[in-house]
Structures are given as structure tokens and as C-alpha cells.
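Participant: No letters, just coordinates:
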């Protein structure tokens, strides 16, 4: 596909004991050797579990965009009381932007837990272009000792 680039992502989803999850993500362009070349996107927000496996996701971007996402969590596998497979399907419910931000009119995200890895895809409608594939990632979990501090 034209325009494909190698991208790295750090996705951190954590909690502090209250009934929501804290979301923080950043991405950067990688060179042919897998080294960071330049920062790309960043977002932060909160996952809010709702009744009946529904979920809200509130996201803010430093580009001047704030989004409210709404969707459903489906568990696809459980082994020894541990979730081994799941997916979260989300659609934008509301998008706000500053006057300097690009126009984003809709989005869909799919997160999946398969074989211990998280994969996700993001479709976006922006600047007069209908909903189309924007990004996709296959993430591998690392422990805090493996994470580089930048």
C-alpha cells in the first residue's frame, strides 16, 4: 500500500483503583533499522466501563482534538479465570476541535487481544474524506524494566 511507514507505539493502560482506566499513547516514525526518527501522534484519556460490557473512551490529542468514543467489549476466551481473548469495538460519539485543529468527523477503532498481543486498527473520516483506514498496530507487552525512558 502506498504511504505505508514503519511506526512504533507505546500504549499504557493503567488504573489507580478507581472505576476507570487511564490511557496514554504515543507513536513515532521508525527508520529501516527500527530506530526512532520523529514523533507522530500522542493521546491521553480514560476508559470508562459501563453496564452490559459497554465502554466509553475519552481521548484528548495535543493537536486540539477531543473525542468521546462509545462501544462494546466482547470476551472471546477465558482460561483459568484469566481473559485470553477479547475485542473492543468503538465508534466516535462526539468530536470537538480547536479552530487550529484539522477537521475530523468520524472514527472507528477495534482493539483485540489475541495470543497475548494487542492489535488495533483505526479508521478515520477527516478533511472531507470518508471513513477509511488510518493506522493499524500489533503490540507486544513488555514489563517496565524493558521500557526505554525518553
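Facilitator: Right, received. Where do you want to start? It should be emphasised that the depicted structure is a prediction, and the values quoted were computed from it without experimental measurement.

Participant: quick one: the strands in this protein?
Facilitator: For the chain, strands defined by DSSP state E occupy the ranges 7-14, 21-30, 36-49, 54-61, 65-79, 82-97, 104-114, 117-126, 129-139.

Participant: Nearest residue to residue 30 in space, please, no chain neighbours.
Facilitator: Once flanking residues are discounted, residue 30 sits nearest to residue 6: 4.1 Å by CB to CB, 6 or more residues apart in numbering. Heads up, the C-betas are built off the backbone N, CA and C, glycines and all.

Participant: Tell me how far the one you found lies from residue 132.
Facilitator: 20 Å (CB to CB, to the nearest Å).

Participant: what does residue 43 give?
Facilitator: Residue 43 is 19 Å from residue 132, by CB to CB.

Participant: burial measure for the closest residue in space to residue 83 that isn't next to it in sequence, as a count.
Facilitator: Among residues not flanking residue 83 along the chain, residue 75 sits closest, at 5.7 Å (CB to CB, 6+ apart). Taking other CB atoms under 10 Å as the neighbour definition, residue 75 ends up with a count of 12.

Participant: Same question for residue 115.
Facilitator: 8.

Participant: Repeat that for residue 86.
Facilitator: 17.

Participant: which residues does it bridge with?
Facilitator: For residue 86, the beta-bridge partners are residue 75, residue 113 (DSSP bridges).

Participant: Just confirm it contacts residue 74, I think it does.
Facilitator: Yes. Proximity of residue 86 to residue 74 meets the contact threshold set by CB atoms under 8 Å, at 6.6 Å.

Participant: Quick check: neighbours shared by the two?
Facilitator: Counting by CB atoms under 8 Å, 6 or more residues apart in numbering, no residue touches both residue 86 and residue 74.

Participant: you'd agree residue 31 is up against residue 37?
Facilitator: Yes. Between residue 31 and residue 37 a contact is recorded at 5.1 Å, counting by CB under 8 Å.
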